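**Student:** Got a predicted structure here, sequence first:
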Amino acid sequence: MTDTAVLDVAGIGFGAANLALAAALHESAGSTAALFLEKQPDFGWHRGMLIEGASMQVSFLKDIATMRNPVSEFGFLSYLHEKGRLVDFINHAVLMPSRTEFHDYLQWAADRVRHMVEYGVEVTGVRPVVEDDSVVALDVLAGDRIAARTRNLVVAQGLRPRLPEGVETGERIWHSSQLMHRLPAFDERAPKRVVVVGAGQSAAEIAGHLMDRYPSAEVCAVFTRYGYSVADASPFANRVFDPAAVDDFYQAPQDVKQSILRYHGATNYAVVDGHVLDDLYRRQYEQRVTGEPRLRVMHTSRIDSLDPRADSVAVRVRFLPTGEVTDIDADLVVHATGYTSPDPAELLGDIADKLCRDETGELLIGRDYRLRTTADVRCGIYVQGATEATHGISSTLLSMTAVRAGEIAESLAGDRRTQERAAGNGK
């Protein structure tokens, strides 16, 4: 190798997952040379959905550190104490803080490890560093520049907005991730009719927010279900998010994995918190009482076509039981249609050929979230957020973020100790 400094670990992306890892590394014994690369100019976590009044769907104790270390300086309680709101929060008697407050907490935590992050860097690829026919390090590339050279890489790209096939975003057609960024441009010319596509938490929250923000607007909620479904938040079902559940899931046969995902999808996918559902139904009912219906639920329906025009979008909605078609002239169409996890191999360039896959083509991932590679790769590649198929339903959720970060940090430390012993034996 050249004289280029080699890091112990580099991270791609700096959302909640790699922020949790940075906190774990910061608190770990010993010195770890780490750098995280983030394409945003500053820290931001789902800013496009910071709807006023929206609350988190998990306990504040499932922050980025407490489940790993209950006395961590990066815990939510430490944040409240430093901000002078600990007593007020206790008096508030809630388990789930507002989304706005939790974002502020994450920003506070990110500020504490600012020295470990380089913002405004978009990673474009990874190149192996070869020595004696072995990959001994990885160059993380930002265009033509080597942004970092590292012995270990942690890929946490975050989620990618998902849109129905054929849908293209534009001035009046968005994904929900852009909601709060794009709405201000329409405030002066308030929309008269908005279509919200989707039946999950975000879709329900957006419908309520739009009715508040634009008191004269009709909100058309379009989804293929017959009605919104309540999230299964029972304490027994929520055990699927326990740390022990990851061990059970990881070692389970493939058919059992699929059963678990199918049985417990209602804890997370296309479901809505009960209090949000109750509020939405109450509002629709009161509108019927007053004779001023503004929430139009178009259930068991799908959008056949979207035709953007100069000042509107022509929306064709099909009622699936009968095939009846309704044409709507909408000012905006917002797709709350979820996210997908990108394939980590997309960014890995030449090193992607050295990743091991199973017979179906899926990446082989160790229990410690390390990708399995060919024997000539001596550096570690870890993934966060793209492991639902191997580690369970909590892969993209906050529930396991702190514990997972601790497990990766422990694996990195063990690998480093092995490398140090090998280097010492070679002297």
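**Tutor:** Here it is on my side, so go on. Being a predicted model, the structure only gives us computed values, none of them experimental.
**Student:** and the helix or strand harbouring Ala245, which residues are buried?
**Tutor:** Here Ala245 sits within helix 243-251, counting by DSSP states H and E. Neighbour-count burial for helix 243-251, with 16 or more other CB atoms under 10 Å as criterion, is recorded at Pro243, Ala245, Val246, Phe249. All C-beta atoms are positioned from the backbone trio N, CA, C, and that covers glycine.
**Student:** Reformat the residues you listed as a markdown table; add distance to Leu348 and pLDDT.
**Tutor:** Formatted as a markdown table, the buried residues of helix 243-251 follow (distance: CB to CB, whole Å; pLDDT from 0 to 100):
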| residue | distance to Leu348 | pLDDT |
| --- | --- | --- |
| Pro243 | 28 | 95 |
| Ala245 | 29 | 96 |
| Val246 | 24 | 96 |
| Phe249 | 25 | 97 |
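**Student:** Kindly reformat those as TSV containing distance to Val334.
**Tutor:** Below are the buried residues of helix 243-251 laid out as TSV (distance: CB to CB, whole Å):
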residue	distance to Val334
Pro243	36
Ala245	33
Val246	34
Phe249	33
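**Student:** Ala233: which of those residues is nearest?
**Tutor:** Ala245 (15.7 Å; CB to CB).
**Student:** now the helices for the stretch 1-150 of the chain?
**Tutor:** Counting by DSSP state H, counting those that start in this stretch, one finds helices in the stretch 1-150 of the chain at the ranges 16-27, 76-83, 86-92, 99-112.
**Student:** Other residues contacting the helix holding Ala245?
**Tutor:** Met67, Arg239, Lys257, Ile260, Arg367, Thr390, His391, Gly392, Ser394, Met400, Val403 (CB atoms under 8 Å, 6 or more residues apart in numbering).
**Student:** how far does that helix sit from the chain's center?
**Tutor:** Mean-position distance between helix 243-251 and its chain equals 20 Å (CA atoms, centre = their mean, to the nearest Å).
**Student:** again, but for stretch 22-33
**Tutor:** 24 Å.
**Student:** Buried residues, that stretch. List them.
**Tutor:** Applying 16+ other CB under 10 Å to stretch 22-33 flags Ala22, Ala23, Ala24, Leu25, His26, Glu27, Thr32 as buried.
**Student:** could these go into CSV alongside pLDDT?
**Tutor:** Formatted as CSV, those follow (pLDDT from 0 to 100):
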residue, pLDDT
Ala22, 98
Ala23, 98
Ala24, 97
Leu25, 97
His26, 96
Glu27, 95
Thr32, 86
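**Student:** is it possible to export these to TSV including distance to Asp304?
**Tutor:** Putting the buried residues of stretch 22-33 into TSV (distance: CB to CB, whole Å) gives the following:
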residue	distance to Asp304
Ala22	46
Ala23	47
Ala24	48
Leu25	50
His26	52
Glu27	53
Thr32	54
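**Student:** Would you point out the most distant pair within the contacts of helix 243-251?
**Tutor:** Met67 and Lys257 (22.9 Å).
**Student:** circling back to that earlier point, switch the helices of the stretch 1-150 of the chain over to JSON lines; also include distance to Leu332.
**Tutor:** JSON lines is the format used below for those (distance: least, CB to CB, whole Å):
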{"stretch": "helix 16-27", "distance to Leu332": "29"}
{"stretch": "helix 76-83", "distance to Leu332": "35"}
{"stretch": "helix 86-92", "distance to Leu332": "34"}
{"stretch": "helix 99-112", "distance to Leu332": "22"}
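**Student:** Looking at the buried residues of helix 243-251, which two lie furthest apart in space?
**Tutor:** Pro243 and Phe249 (11.0 Å).
**Student:** the strands in the stretch 251-400 of the chain, which residues?
**Tutor:** 295-298, 301-308, 313-319, 325-330, 332-335, 339-340, 380-383 (DSSP state E, counting those that start in this stretch).
**Student:** Which among the ones you listed is found nearest to Ala110?
**Tutor:** Comparison of those against Ala110 by CB to CB identifies strand 380-383 as nearest, at 19.9 Å.
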